[in-house]
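A.B. asks: model the following, please.
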Amino acid sequence: MAMGLRPLHARYPYFESARDAVSKTDVSLAAAARDEAVAGRALSRVESALAENTVGEPERRTRTELLSYPIARVLVSLVDQPVLIHRYARAEADAACERFVADLDRRELKSAPDSKLALDDLLREFDLDGAVRKGNEGNTATATRSGGSDPSTGGDSSDGGYEMAVSSYLRLAADRRGEEWRLVNRRLENGWVALSREDLLALCGEAVRERVAGGLPLSVPEEIGAALDDAAETVRERLAETNLIRDVDTVVPELFPPCMQYLLDQVQEGEHLEHHSRFAITAFLSNIGMETDDIVDLYMVNPGFGEEITRYQTDHIRGEISPTEYSTPACATMQSYGDCVNMDDRCERISHPMAYYEQALDDADEEELTDWRARESEAEANAED
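C.D. replies: Alright, predicted model coming up:
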């Protein structure tokens, strides 16, 4: 085992202590990318996330397992697809939840000495120590107004379970599925939300997801990217096979990210857009499945509209007359150009407008989507008449 590296670091490579341990080693990221064992395990992490929503079987060697995490993040960044970022971060979070339960329920792993995990340390890791407290007896942590889970499953319900500050709860529970996570179905008193132990660990998993996805995609130096070319191409192939990158065939402006809603409103109000803003909304509309004719029609109300140049620019962005189909700018790019406006809660959890839209579509009721499609078809029929 490399000096300073502990099994706990390999199990939780996104912990600050693991990052510090890596920084104190004499291994550079470029060297790790060239290490076949590390790169192979990194590829396994990403492939397993796509195929099984897991991060695969851990490598026995602590150094290899630990270094595979930053290299996996590099691989995800090289492929640079929002759905891959979301899927990978979710897999790391789910694996973390399983490990939290296992490691907190026993003093030390027999197969991995020096792997003890304490709940207080876990909460401090994600700055939740001040946002979580033991619940009051008689005010059981997951008692709900309706639809909540049985507090007896929480592991600590005998002494009241736990409570989390409502601001932290809203942030961490926002991406959780199920009626039991809605605030209306939780006991909320004086700014504190009731939780079982199981719920608390699930929300710690959400903190892992936030950290894993944070900053992705990374800016990858050429030397490191070149060393991982083959692995990145393998991930692209696996991603294509899973059919996760789909053409979004539902254009629902009500679900657009706030930045794109704003830019679309500007277009429809005939306001002049700067080049970067025009590129952003055009790329977004193209990426969600709108055809060139429909996009060009949107610009007709703009001052100085020229159909020929607008069509040329749109086809260029779409890759029809250029070698590249351009992607919607990431949130960081939108921010740098001043196009990031009216941020909402979902914006805090994503790093790309396409990821925002796909999540919004996933969260929408099928009945709502059917209504939107029906209205769209009706509008098209009326236009033809």
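A.B. asks: okay, buried residues for the lengthiest helix in the chain please.
C.D. replies: Identified as the longest helix of the chain according to DSSP state H is helix 82-104. Across helix 82-104, burial judged by 16 or more other C-beta atoms under 10 Å covers 82-97, 99-100, 103-104. Yep, even glycine has a C-beta here, placed from its N, CA and C like the rest.
A.B. asks: what average pLDDT does the following helix or strand past it get?
C.D. replies: Note on helix 82-104: by DSSP states H and E, the next helix or strand toward the C-terminus is helix 119-125. For helix 119-125, mean pLDDT rounds to 95.
A.B. asks: list the buried ones in helix 119-125?
C.D. replies: Those would be Leu119, Leu122, Leu123, Glu125, for helix 119-125 by 16+ other C-beta under 10 Å.
A.B. asks: for Leu172, state which of the residues you listed is nearest.
C.D. replies: Leu123 (12.0 Å; C-beta to C-beta).
A.B. asks: for the closest one, which non-adjacent residue is spatially closest?
C.D. replies: Asp129 (4.4 Å; C-beta to C-beta, 6 or more residues apart in numbering).
A.B. asks: now Met290
C.D. replies: Val251 is the one closest to Met290 (C-beta to C-beta, 6+ apart), at 6.0 Å.
A.B. asks: leaving aside the residues adjacent along the chain, what's closest to Ala91?
C.D. replies: Ala49 (3.6 Å).
A.B. asks: and the one you found, how far from Gly56?
C.D. replies: Going from Ala49 to Gly56 by C-beta to C-beta, to the nearest Å gives 8 Å.
A.B. asks: surely Phe15 meets Glu125?
C.D. replies: Yes: counting by C-beta atoms under 8 Å, Phe15 touches Glu125, with 5.7 Å between them.
A.B. asks: which secondary structure state does the residue nearest to Leu123 sit in?
C.D. replies: Under DSSP: H, G, I helix; E, B strand; the rest coil, Asp129 falls in the coil class.
A.B. asks: so what's the residue count around it?
C.D. replies: 14 (other C-beta atoms under 10 Å).
A.B. asks: likewise the one 4 residues further on?
C.D. replies: Applying the criterion other C-beta under 10 Å, we find 14 residues in the vicinity of Arg133.
A.B. asks: got it, and Ala51?
C.D. replies: 14.
A.B. asks: same check on His275?
C.D. replies: His275: 9 neighbours (other C-beta under 10 Å).
A.B. asks: also Arg236?
C.D. replies: Around Arg236 there are 16 residues (other C-beta under 10 Å).
A.B. asks: that one against Val79, yeah?
C.D. replies: Yes: between Arg236 and Val79 there is a contact at 5.6 Å, judged by C-beta under 8 Å.
A.B. asks: related to what we said a few turns ago, so for Ala49 and Gly56, which residue has more residues nearby?
C.D. replies: Ala49 (26 against 18).
A.B. asks: strands of the stretch 251-385 of the chain, start to end?
C.D. replies: Secondary structure of the stretch 251-385 of the chain (DSSP state E, counting those that start in this stretch): no strands located.
A.B. asks: can you pull out the helices in it?
C.D. replies: 258-268, 275-287, 292-298, 307-318, 331-336, 353-363, 366-384 (DSSP state H, counting those that start in this stretch).
A.B. asks: contact partners for the closest residue to Met343 other than its chain neighbours?
C.D. replies: Spatial nearest neighbour of Met343, chain neighbours left out: Pro258 (6.3 Å); criterion: C-beta to C-beta, 6+ apart. Contact analysis of Pro258 by C-beta atoms under 8 Å, 6 or more residues apart in numbering lists Val341, Asn342, Met343, Asp344, Cys347.
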